[in-house]
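# Fold the following and give me the result.
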Amino acid sequence: IGVLEVPEARGDRMCQEALADLKMAIRAAGEHKQRIQVHVAIDGLRLRDDKTGDSLYHHPVHKISFIAQDMTDSRAFGYIFGSPDTGHRFFGIKTDKAASQVVIAMRDLFQVVFELNKKEVEMAKQQLEGKTVTSSLVRHATNASTESKTKSIASVGETSSTAAKTSDVG
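Predicted coordinates:
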């Protein structure tokens, strides 16, 4: 349907208004909507021109902040992409069939990415804890080694002084 700058990263009402504005602009222009393909993948959303196959947009998942299905049209939905630094843009899309299929696929994608990120954070935490445990074990082993060397040196000193006493007697 089109792309529109929006003031916020989230908001269902704002998305519904953006969809309505985009639809009015298309009707007023009297143009046909550009046919696109939406590819939902682990690295994000990719919008391609249907005729040429050219990539129009690639939106990483972590920069998509909101998805909204059109309340008045079951075949339309949109999402907000951007960041506080670059601003937020609403992408309105009309599908051949019910938009709910794409919206559900996107929701599933967000869930998968969320779970992967959670596992990565846990693994990083475990690695940090492992390094802490390892470094404390190394410190403990080093201290134990130093203590045993000190004891060995002390024992050698005692042995040599005992040997010296024995030789004095003889």
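# Need the residue closest to the centroid of this protein.
The chain has Asn117 as the residue nearest its centroid, 5.2 Å off, counting by C-alpha atoms, centre = their mean.
# Can you give me the distance of Lys94 to Ile64?
Between Lys94 and Ile64 the computed distance is 18 Å (C-beta to C-beta, to the nearest Å). From N, CA and C alone the C-beta is placed, and that goes for glycine too.
# do the same with Arg10
From Arg10 to Ile64 the distance is 11 Å (C-beta to C-beta).
# can you list residues touching both of those two?
Residues touching both Arg10 and Ile64 by C-beta atoms under 8 Å, 6 or more residues apart in numbering: Ile80.
# which one of the two has more residues nearby?
Between Arg10 and Ile64, Ile64 has the larger neighbour count (other C-beta atoms under 10 Å), namely 20 against 12.
# Distance of the closest residue to His62 other than its chain neighbours relative to Leu56?
In space, and not counting its chain neighbours, His62 is closest to Val113: 7.5 Å by C-beta to C-beta, 6 or more residues apart in numbering. According to C-beta to C-beta, Val113 stands 22 Å off from Leu56.
# These two - which one has more neighbours?
Neighbour tally, Val113 and Leu56, criterion other C-beta under 10 Å: the higher count belongs to Val113, 17 against 14.
# where exactly do the strands run in the chain?
Using DSSP state E, the strands of the chain run over residues 2-6, 36-41, 44-49, 55-59, 64-69, 76-83, 87-94.
# Dump the ones you listed into TSV; add distance to Ile26 and mean pLDDT as well.
Listed next are the strands of the chain as TSV, based on distance: least, C-beta to C-beta, whole Å; pLDDT from 0 to 100:
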stretch	distance to Ile26	mean pLDDT
strand 2-6	7	90
strand 36-41	14	89
strand 44-49	17	91
strand 55-59	17	93
strand 64-69	18	90
strand 76-83	11	91
strand 87-94	9	93
